[in-house]
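Enquirer: Task: produce atomic coordinates for the following.
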Amino acid sequence: MLQNFGKYLLFMKSLFSRGESPRILFNRTIDEAILIGINSIFIVAIVSTFIGAVTSVQVSYNLVSALIPKSTIGFMVREMTILELAPTITSIVLAGKVGSSIAGGLGTMQITEQVDALEVMGINSASYLVLPKILAALFVFPLLVIISMFLSIFGGYIAGTVTGEITAQEYISGIRSDFIPYNILFALIKAVVFSFLISSISSFRGYYTSGGALEVGAASTSAVTNSVIAVLIADFVCAQLLL
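Expert: Residues are numbered from 1 along each chain as shown. Predicted coordinates:
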């Protein structure tokens, strides 16, 4: 384990040696941002909307006391969404989609000797292939988390009003009460940390793939597993340090 961690650190260091020109890096980062972000909006939207809807229904189910106002449903949906569900669940979903894609793509390039071809041409393959993916993830993940926040709260609104558990006015009153702006910043900080972990770990697993098609599949599975574990550990650490 320590050997792999040391190899990972050396891999991250290699990204910044013999780097590409800023123009090439920018163009590749934009391309990767489209692949990572635009192609992930649909799954993020579906998951976020239903998470908000389920949260709203479950909170209303547990509000059995007449002393607790119905607006508490909106308050709970907002707090759970911003502090935990939007950044963490979205990142776990993206670890499965984006992480496996990154690891599989780099693994395929490795076993088909495309990475070796870049090295023969004098290009730092790690910097050229991996650094744009990490930069794109750092830029796109927070945007997807913001979308997830909005859709989760909107999903809770739809579920609460359609089922008749809460009126629109009560729900809006709940999501507006006792709002702490720092919670948004906290969620975005977590999104940045998670994006770095997912993109770098998946790239590391894919870049050092050797063998054939079976090893590419194993690298993708390993990338997703390791990324999810890293996200959960980082979630706990961030909560301890920032809250």
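Enquirer: measure the residue most central in space within the chain to residue 205 for me?
Expert: Residue closest to the mean C-alpha point of the chain, counted by Cα atoms, centre = their mean, is residue 91 at 2.6 Å. Distance of residue 91 to residue 205, given as Cβ to Cβ, to the nearest Å: 17 Å. Every residue, glycine included, has its C-beta placed from N, CA and C.
Enquirer: and if you look at residue 97?
Expert: 15 Å.
Enquirer: for residue 101, what are its contacts?
Expert: Going by Cβ atoms under 8 Å, 6 or more residues apart in numbering, residue 101 touches residue 35.
Enquirer: could you point out the longest helix in this protein?
Expert: helix 131-162 (DSSP state H).
Enquirer: Residue 226: helix or strand, and which one exactly?
Expert: Residue 226 belongs to helix 213-242 when assigned by DSSP states H and E.
Enquirer: actually residue 30, not the one I typed
Expert: helix 22-36.
Enquirer: again with residue 194
Expert: Assigned by DSSP H and E, residue 194 belongs to helix 182-207.
Enquirer: Go through that helix and flag the buried ones.
Expert: 183, 186-188, 190-207 (16 or more other Cβ atoms under 10 Å).
Enquirer: ok so, going back, packing partners for the longest helix of the chain?
Expert: For helix 131-162, the elements it packs on are helix 22-36, helix 41-62, helix 71-80, helix 90-94, helix 168-176, helix 182-207, judged by 3 or more Cβ pairs under 8 Å, 6 or more residues apart in numbering; DSSP states H and E.
Enquirer: Those: which one's closest to residue 107?
Expert: Nearest to residue 107, of all the helices and strands packed on helix 131-162, is helix 182-207, at 4.4 Å by Cβ to Cβ.
Enquirer: Quick one: work out the angle between that closest one and helix 71-80.
Expert: Angle, helix 182-207 to helix 71-80, by axes from the mean of the first three to the mean of the last three Cα atoms, to 10 degrees: 40 degrees.
Enquirer: Cool, thanks, talk later.
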